[in-house]
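Novice: coords please:
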Amino acid sequence: MSDISVVFPLQVRHPETVVPFAEFVLREGLERLWLGQSLNVDSHLAAAYLAGRGLRVPLGTSVTLMPLRHPYQAALEARSLAVLTGKGYVAGFGAGDPIFVENLAGRPYSSPRRAVGEYLSAMRALLDGRAVARDGEHFTVRGMLVPAEHPPVEVGAGVLRPAMARTAGAVADVAITWLVPPDYLGKVLAPALREGAHGRPRPPRVVSAVHVAVDRPGRDVHRLVRVATAAHVEADHYADMLRRAGVSDPTAPRELLEAGVFVTGAPEEIADRLRGFFAAGASEVVLNPGGVLATEGVRAATDDLTEVLEALRKMGVIDNR
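Specialist: So this is what the prediction gives:
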């Protein structure tokens, strides 16, 4: 069986808005609830709010921006959320836009790859209970976390292109993809992850977030694609990845649909296309109902997710409840 999760794909304006998704994950017996970077209510604080309400759901971040917290603080927060929820936690990180990095750190990372490598390797050592003494090009970390029992914490990197995949292969537990077509995942990123993991017992497991929407009467699917993807496809690193994957115009909904970046159709069609991500190397697929959530609300989004999950169960992709 394969792992299916759900992401709350919007900025968290109040943690109460995330509650229906946490309840959905628990009700459906899904693998995890993922939160993206939020610059309204911080995602880690929203996650702590859920735990405080008794919604102790497995959590992950996809992805938190590194300039916002030092690796020591990041490791402490990740461990804290694992303790609060009593569940394994995935701490996913990305370098962020160079201008954003410069505005917070004083200068952009000379190499985002090296910055990610330094950051995640320091986090992993701290979470493993080891003392760290590293004067890196981008981060200085000296010390260790106060020893404490906690559920497992995985460290992950956002991965779009083969160079970052090789870095993730060397240091990460999890490689997290967003807007990545399945063919590109299988033919480009998965081999690069294996290459980077040379000498390790195994490469990082792959988590792929996939936009989904059931094609219903009266729905403008192209509009949903634009709403869900506009903030990403106009960014240089996403546009470059998509062009490498054969999408000549990353802003064109038709091309994103054809590439499998946004999956639509009847629930059975969506479920069948999601199997392509597992075949390409993903161990976990994260359903992203962002287009429907932003335009039609929580009920419509969870209705779509429920129907897709039922189709996946009928196909034997995930266990029946």
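
Novice: rest of the way, CA atoms for contacts and neighbours
Specialist: Noted.

Novice: Tell me which residue is most central in the protein.
Specialist: Ser62 (3.1 Å; Cα atoms, centre = their mean).

Novice: that's a strand at it, yeah?
Specialist: Yes - counting by DSSP: H, G, I helix; E, B strand; the rest coil, Ser62 is found in a strand.

Novice: quick one: pLDDT of it?
Specialist: Per-residue pLDDT puts Ser62 at 94.

Novice: Kindly report the same for the one 3 residues further on.
Specialist: The pLDDT attached to Leu65 in the predicted structure is 97.

Novice: So what pairs up with it in the strands?
Specialist: Leu65 has the following beta-bridge partners by DSSP bridges: Gly94.

Novice: and it, what is it in contact with?
Specialist: Going by Cα atoms under 8 Å, 6 or more residues apart in numbering, Leu65 touches 37, 93-96.

Novice: Adding distance to Val188, neighbour count and pLDDT, write those out as CSV.
Specialist: Converted to CSV, the contacts of Leu65 look like this (distance: Cα to Cα, whole Å; neighbours: other Cα atoms under 10 Å; pLDDT from 0 to 100):
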residue, distance to Val188, neighbour count, pLDDT
Gln37, 26, 21, 96
Phe93, 21, 26, 98
Gly94, 19, 22, 97
Ala95, 21, 23, 96
Gly96, 22, 19, 91
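
Novice: Check the residue lying closest to the residue nearest to the centre of the chain once chain neighbours are set aside and give its pLDDT.
Specialist: Of all residues beyond its chain neighbours, the one nearest Ser62 is Gly36 (4.8 Å), with distances taken as Cα to Cα, 6 or more residues apart in numbering. For Gly36, the pLDDT comes out at 96.

Novice: you'd agree Gly36 is up against Leu59?
Specialist: No - with contact defined as Cα atoms under 8 Å, Gly36 does not count as touching Leu59 (10.9 Å).

Novice: Tell me the spacing between Glu149 and Gly129.
Specialist: For Glu149, the distance to Gly129 equals 10 Å [Cα to Cα, to the nearest Å].

Novice: Listing partners with orientation, what would you give for the longest strand seen in the chain?
Specialist: In the chain, with assignment by DSSP state E, the single longest strand is strand 205-214. Next to strand 205-214 in the sheet, as set by DSSP bridges, lie strand 174-178 (parallel), strand 262-265 (parallel), strand 282-288 (parallel).

Novice: what's the offset of it from the middle of its chain?
Specialist: Chain-centre distance of strand 205-214: 9 Å, with Cα atoms, centre = their mean, to the nearest Å.
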